[in-house]
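Student: Quick one, fold the following:
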Amino acid sequence: MPLVTLTVRKPKSAEFKSKVLDAVHASLVSTGIPDTDKFQRVLELDADDFRFDPGYPDVAGARNDDFVLIEILWSVGRSVKIKKKLLLELMDRLRAAGLDPENVMVAFKETAWENWAFAGGRILHT
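Tutor: Numbering: from 1, shown residues only. Coordinates of the predicted model:
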């Protein structure tokens, strides 16, 4: 179960956020995540509360106010090959949606299966 968190600067339209969230979800599904496994949230912050370097470490051009930080928290065990596949597809989808992939940073976070209680406090994978 991935938990996707987008962090963006205010203001962002519902269309902008949906484009990013839809692209992330479609890319996750292409790596084997069930289509119904959708848990997403958006943190929309003032510029004072979301600071980033415009060029670190190797950005082609410069980040701007449409910079998006995508965090994907999921269970441990995905290979680097799967992560690269997801990233390639995600950047293609964002580009097709009119967004600049150079303005996107992705951070994968992994946790053990026993750290998920999906509902009712039940740990399903032990």
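Student: can you give me the strands for this structure?
Tutor: Secondary structure of the chain (DSSP state E): strands located at 3-9, 40-45, 68-75, 104-111.
Student: out of the ones you listed, which comes closest to residue 119?
Tutor: strand 3-9 (14.1 Å; Cβ to Cβ). The C-beta positions use only the backbone N, C-alpha and C, and glycine is treated the same way.
Student: That closest one pairs with which strands?
Tutor: strand 40-45 (parallel), strand 68-75 (antiparallel) (DSSP bridges).
Student: highest average neighbour count across those strands?
Tutor: Comparing those by mean neighbour count (mean count of other Cβ atoms under 10 Å), strand 68-75 comes out on top with a mean of 19.
Student: Tell me the buried residues in stretch 24-35?
Tutor: Buried residues in stretch 24-35, defined by neighbour count with 16 or more other Cβ atoms under 10 Å: 24-25, 27-29, 33.
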